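> got a predicted structure plus its sequence, pasted below:
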Amino acid sequence: MQDTLHNVVDAQRVATTRYVIPKFYYFAHFAAMAAFIPFLALYYRQLGLTEQTIGLLTGIPPLLALFVAPLWGALADLTQRHQRLLQVALGGLWGTVLLFTFVRNPLWIVPLVFLYALFSAPIIPLVDNSVLALLGERQALYGRLRLWGALGWGVTGATVGVLIERFGLHWGFYIALLCLAGCLVASTRLQVQHVQIGQPFWQGIRFFVTSRPWLVFLITIFINGMAAGVGNNFLFLYLDELAATETLMGMTLMVATVSEIPIFFFGDRLLKRLGARGLLLLSLSASVIRMGGYALMPSAWYVLPIQLLHGFTFSAMWVAGVSYANRAAPQGMGATAQGLLSGISMGIAGATGAVVGGYLYGHVGPAATFGWAGAAVAVGLLFFAVAGQRARDIQTA
């Protein structure tokens, strides 16, 4: 009996040690992104670029992510070299960020942005796929590891601005380089359990373009991602028109980040109670309420309680989406599925939301823009509730 107890304790200790690396990785990666991404627009402006050019440059990475992330994932699944490709992508991203610190000629920015998109797009899908394989039968615990990314973003976002204000914009890039170096070290220790493809590779690819449940899922993610793109690109402009201070704008980011943590932490319980499909329906419902709240708020301060819904609209969506994609993917093609999820949600959907949102913002005003975004998510919610159920019935018939 005592030997059994010791074995259980030893197994738990080993499992805890295995999970330290993914936690550290998520923290370091999103800390790097918090130090780099929000300040790129300011960096472009320092180089003398116009707002139109800045908008074009910021739109390139999400557009390319639609194609780049799935291609890297498919290559990883085909070659079974997930860890090596992750390290190549991280090394390329580190080098790209380093080059940003040296560039003074705006002509070099465009190729750097393409390199950034090429190397950054596949990283989180590859890591997510590796973490899910590491968790094995405990995949519902994914959120408890992923929440360290929210902590990394929140901690760095709260401190890097102070460093930049005191020492200059390049300090954000230096912090990003340091954190990405930590990611590279962690990637050598990340235990990747390879899963052999259970069918011919191209037959697996065919699944991703013919499976009705999968296509219904991606369409739903696209609709929700468009609404998120509207919020990400135009909320601060809307708050500025409502006479919000920069302090209030910063508080919205803090509240949103804090709201992610409990959802990620209790993601396993939510998945157990609701399932991936039910959790995604909950997230879509929260998105409808959030966009409607933006449209109806009479003053800027109302944004803070509305931001508490971010945990449901993003974290719950991501936990549900990662779980859904992993379970739907053919055996051994999880990286391809995660790449498609990321390419749609973080890529083309966000870019489309920015373009459509910009048109609406200029023609119907900010409140109506968020109202239309909420209406779009409501349509997506209804679509997934009906078409998703029919697709599931067809699949299980």
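Happy to help now that I have it.

> pLDDT of the helix or strand hosting residue 31, averaged?
Using DSSP states H and E, residue 31 maps to helix 2-36. Averaging pLDDT along helix 2-36 gives 70.

> show me the strands in the stretch 101-250 of the chain, by range?
In the stretch 101-250 of the chain, no strands are defined using DSSP state E, counting those that start in this stretch.

> and the helices in it?
Using DSSP state H, counting those that start in this stretch, the helices found in the stretch 101-250 of the chain span residues 109-120, 123-135, 142-167, 170-189, 201-210, 212-241, 246-265.

> burial check on residue 139, number of neighbours?
Using other Cβ atoms under 10 Å, residue 139 has 17 other residues around it. (Each C-beta comes from the backbone N, C-alpha and C, glycine too.)

> just the pLDDT for the residue nearest to it when sequence neighbours are not counted.
Leaving aside its sequence neighbours, residue 139 sits nearest to residue 132 (Cβ to Cβ, 6 or more residues apart in numbering; 5.2 Å). Looking at residue 132, its pLDDT reads 84.

> now swap in the one 3 residues further on and tell me
According to the predicted model, the pLDDT of residue 135 comes to 84.

> same check, this time on residue 97
95.

> surely it and residue 179 touch.
No - judged on Cβ atoms under 8 Å, residue 97 makes no contact with residue 179 at a distance of 9.9 Å.

> which residues do the two both contact?
Shared contacts of residue 97 and residue 179 (Cβ atoms under 8 Å, 6 or more residues apart in numbering): residue 32.

> for this structure, give me the ranges with low pLDDT.
The model of the chain has pLDDT under 70 over residues 1-17, 51-52, 192-204, 246, 388, 390-397.

> spit out the contact partners of residue 181.
Residues counted as contacts of residue 181 (Cβ under 8 Å, 6+ apart) are residue 94.

> try 10 Å this time
Residue 181 makes contact with 28, 32, 90, 94 under the criterion Cβ atoms under 10 Å, 6 or more residues apart in numbering.

> between those, which sits nearest residue 217?
residue 90 (28.5 Å; Cβ to Cβ).

> what about the host helix or strand of that closest one, distance to the chain center?
Secondary structure assigned from DSSP H and E places residue 90 in helix 82-100. Averaging C-alpha positions (Cα atoms, centre = their mean, to the nearest Å) puts helix 82-100 18 Å from its chain's average.

> count the residues that sit near residue 109.
Residues contacting residue 109 under the criterion other Cβ under 10 Å number 19.

> same question for residue 222.
A total of 18 residues lie near residue 222 under the criterion other Cβ under 10 Å.

> kindly report the same for the one 4 residues further on.
Burial of residue 226, expressed as a neighbour count using other Cβ under 10 Å, amounts to 23.

> contacting residues for it?
Taking Cβ under 10 Å, 6+ apart, we find residue 226 in contact with 348-357, 373, 376-377, 380.

> nearest to residue 237, of those residues?
For the contacts of residue 226, the nearest to residue 237 is residue 357 (9.8 Å; Cβ to Cβ).

> element containing that closest one, please.
Assigned by DSSP H and E, residue 357 belongs to helix 349-364.

> quick one: the helix or strand just after that helix to helix 349-364, angle?
Sequence-wise, the next helix or strand downstream of helix 349-364 (DSSP H and E) is helix 366-396. Helix 366-396 and helix 349-364 are oriented at 140 degrees to each other (axes from the mean of the first three to the mean of the last three Cα atoms, to 10 degrees).
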